[in-house]
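**Student:** Show me the folded form of this:
(one chain, ligands or ions: 2)
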Amino acid sequence: MSDIPLLMPRFDPLQGPPCHDCTARCCRYFALEIDRPATPRDHDHIRWYLLHEHIAVWVQEGSWFLEIRTPCRHLLADNRCGIYDARPQICREHGWPDKNDEHPCEYFSSEGGFDLSFESAEEFDRWSIPELNRREERLARRRERSQRKRAVLASILAAVALAVRPAAADTATEVFKKMGIKVGDVMNSSVLTGRVLPGEEKQTVAVVTYLTGKKDEANALGVRLEAYRGEGTTLTSIYSRDVGKENGGYVGRGEIALVDLDGDGVNEIGLYYDNLKNSLISERKLDVIVREGDAFRIAWSGPVEYDATRAARDVPQERRDRYLRKLDLAATRKTRGVTLFFTKTVVAVAGERLQQPRQVQETFALKPQAP
Ligand code: SF4
Ligand code: SF4
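**Tutor:** Ligands and ions are numbered 1, 2, ... in the order given. So this is what the prediction gives:
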């Protein structure tokens, strides 16, 4: 920005910009919105911009901008516009406050007013390096959580005596084909063979997380669940859900567990997936899908891992909790699947971390008690 002195409000911004009294600050640069840097590569790009002369990067109300400090070719020596009648629309509209009476032009604003502002690569490094370190820590915590979850899932599976096994490779390939998903687009999948219907025959149950080919943040990943009669090339769909579509696209990392919750010798389906709707809330959900005759219904759905402690802007304080839920299979089976039991470990309540995690037992109705 040029160094126009900050003036007392002799002019009212609501009356329009006083260009006749200004050194044409707005004609000496332009700024383009850029993506918020997320990865080390993004950070490196911003550093590269800032290694150039006449470049600044700033953040305003959460949006990132690249400022290129170069005057317009048509700015005259006396700060007037050389193509006034033919000036672009953006120049005509600039300077007038918007409908909320906010954002009058640079004439009225002091230097600064940014969430962040970087004039050089060195200045950016001072912010970027700790930020990248924090990102690494977050990723490490996420990896650790994911390993813990896998261990929980494995222990659940191990606890169930019913024969459930991963489907053969050709069955998995056939499942992707049936779903219309290219093998190269599959990010992760669980394809299991076990009994989810009464009788001797086994069924194939699959959840597939895949790249949809859409580029936007919401729809880049899809999660689909399918249950089939048969194995190999004889698959006939008996239950199907597009979990991505149901959740507005914000989903990831689907996994399934086939577990006999009611002890009748037939498995219920546990579907796990990440809800990615709010990037500040970490939520992994479980849908418990039970059989009614030959049909299936979602009998319970809720978070099994939830952390809203960072979502200060989006979630009221009283709901900024952090907890884990672990299925208590033995207790659930004792009720013959009528009541679902969880052990809930609460780590934080209303944004405050507890000194010691607290464990509570929770119960949810799965199906009506037999008369
Ligand atoms: S719009 Fe504002 S910053 Fe631009 S020349 Fe006019 S008074 Fe100056
Ligand atoms: S066209 Fe005129 S008003 Fe627009 S930036 Fe150039 S000098 Fe300023």
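
**Student:** Not including adjacent chain positions, what is the nearest residue to Trp48?
**Tutor:** The shortest distance from Trp48 to any non-neighbouring residue, by CB to CB, 6 or more residues apart in numbering, is to Ala121 (8.0 Å). C-beta here means a position set from N, CA and C on the backbone, and glycine is covered the same way.

**Student:** ok, the one you found to Pro37 distance?
**Tutor:** Per CB to CB, to the nearest Å, Ala121 is found 13 Å from Pro37.

**Student:** Now the phi/psi pair for the residue nearest to Trp48, please.
**Tutor:** Backbone torsions of Ala121, given as degrees, to the nearest 10, read phi -60, psi -40.

**Student:** Could you tell me which residues make contact with it?
**Tutor:** Ala121 is in contact with Arg47, Trp48, Leu50, Leu51, counting by CB atoms under 8 Å, 6 or more residues apart in numbering.

**Student:** so what pLDDT did it get?
**Tutor:** What the model reports as pLDDT for Ala121 is 96.

**Student:** now do Phe114
**Tutor:** Listed pLDDT for Phe114 reads 84.

**Student:** which stretch of helix or strand covers it?
**Tutor:** Here Phe114, judged by DSSP states H and E, is contained in no helix and no strand.

**Student:** Equivalent analysis for the one 3 residues further on, please.
**Tutor:** Ser117 belongs to strand 116-118 when assigned by DSSP H and E.

**Student:** ok, that strand: who's next to it in the sheet?
**Tutor:** strand 55-60 (antiparallel) (DSSP bridges).

**Student:** Show the average pLDDT along the strand it pairs with.
**Tutor:** On average, the pLDDT along strand 55-60 is 94.

**Student:** same check, this time on stretch 137-146
**Tutor:** 87.

**Student:** for that stretch, which positions count as buried?
**Tutor:** Neighbour counts over stretch 137-146 (16 or more other CB atoms under 10 Å) mark no residue as buried.

**Student:** starting at the chain centroid, how far to it?
**Tutor:** Its chain's C-alpha centre and that of stretch 137-146 lie 15 Å apart, by CA atoms, centre = their mean, to the nearest Å.

**Student:** Let me know whether Val304 touches Arg325 as I believe.
**Tutor:** Yes. The criterion here is CB atoms under 8 Å, and Val304 meets it with Arg325 at 4.4 Å.

**Student:** what residues do those two have in common as contacts?
**Tutor:** Listed as contacting both Val304 and Arg325 by CB under 8 Å, 6+ apart are Leu286, Phe342.

**Student:** quick one, strands of the stretch 51-200 of the chain?
**Tutor:** Ranges of strands in the stretch 51-200 of the chain, per DSSP state E, counting those that start in this stretch, are 55-60, 63-68, 116-118, 165-166, 186-194.

**Student:** Which one, of those strands, ends up nearest to ligand 1?
**Tutor:** strand 63-68 (14.4 Å; CB to the nearest ligand atom).

**Student:** Neighbouring strands - and their directions - for the closest one?
**Tutor:** Here strand 63-68 has these sheet partners by DSSP bridges: strand 30-34 (antiparallel), strand 55-60 (antiparallel).

**Student:** Format those as CSV; extra columns: distance to ligand 1 and mean neighbour count.
**Tutor:** Converted to CSV, the strands paired with strand 63-68 look like this (distance: least, CB to the nearest ligand atom, whole Å; neighbours: other CB atoms under 10 Å):
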stretch, distance to ligand 1, mean neighbour count
strand 30-34, 12, 13
strand 55-60, 16, 19
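
**Student:** between those, which one is nearest to ligand 2?
**Tutor:** Comparing the strands paired with strand 63-68 by CB to the nearest ligand atom, strand 30-34 comes nearest, at 8.1 Å.

**Student:** can I have that closest one written out in PDB, keeping just the CAs?
**Tutor:** C-alpha atoms of strand 30-34 as PDB (Å, rounded to 0.1, in the frame of the first residue of the first chain):
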ATOM      1  CA  PHE A  30      -4.400  -5.800  -7.300                       C
ATOM      2  CA  ALA A  31      -5.000  -8.900  -5.100                       C
ATOM      3  CA  LEU A  32      -6.100 -12.400  -6.100                       C
ATOM      4  CA  GLU A  33      -7.700 -14.800  -3.700                       C
ATOM      5  CA  ILE A  34      -5.700 -18.000  -3.200                       C
END
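
**Student:** chain center to that strand: distance?
**Tutor:** Chain-centre distance of strand 30-34: 25 Å, with CA atoms, centre = their mean.

**Student:** ok, now stretch 66-80?
**Tutor:** The mean C-alpha position of stretch 66-80 is separated from the chain mean by 41 Å, CA atoms, centre = their mean.

**Student:** right, is it up against ligand 1?
**Tutor:** No. Stretch 66-80 does not reach ligand 1 (CB under 6 Å from any ligand atom); its nearest approach is 7.3 Å.

**Student:** Least reliable of the strands of the stretch 51-200 of the chain by average pLDDT, please.
**Tutor:** Looking at the strands of the stretch 51-200 of the chain, the bottom one is strand 165-166 with a mean of 81.

**Student:** What strands flank that strand, and is each parallel or antiparallel?
**Tutor:** Sheet pairing of strand 165-166 (DSSP bridges) gives strand 186-194 (antiparallel).

**Student:** mind showing which ranges of the stretch 151-300 of the chain have poor pLDDT?
**Tutor:** Within the stretch 151-300 of the chain, the ranges that satisfy pLDDT under 70 run 153-163.

**Student:** Where do the helices of the stretch 1-150 of the chain begin and end?
**Tutor:** Counting by DSSP state H, counting those that start in this stretch, the segments of the stretch 1-150 of the chain that form helices are 40-50, 89-93, 121-159.

**Student:** got the ones you listed as a markdown table, with distance to Thr332 columns?
**Tutor:** Compiled in a markdown table, the helices of the stretch 1-150 of the chain are given as follows (distance: least, CB to CB, whole Å):
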| stretch | distance to Thr332 |
| --- | --- |
| helix 40-50 | 44 |
| helix 89-93 | 63 |
| helix 121-159 | 11 |
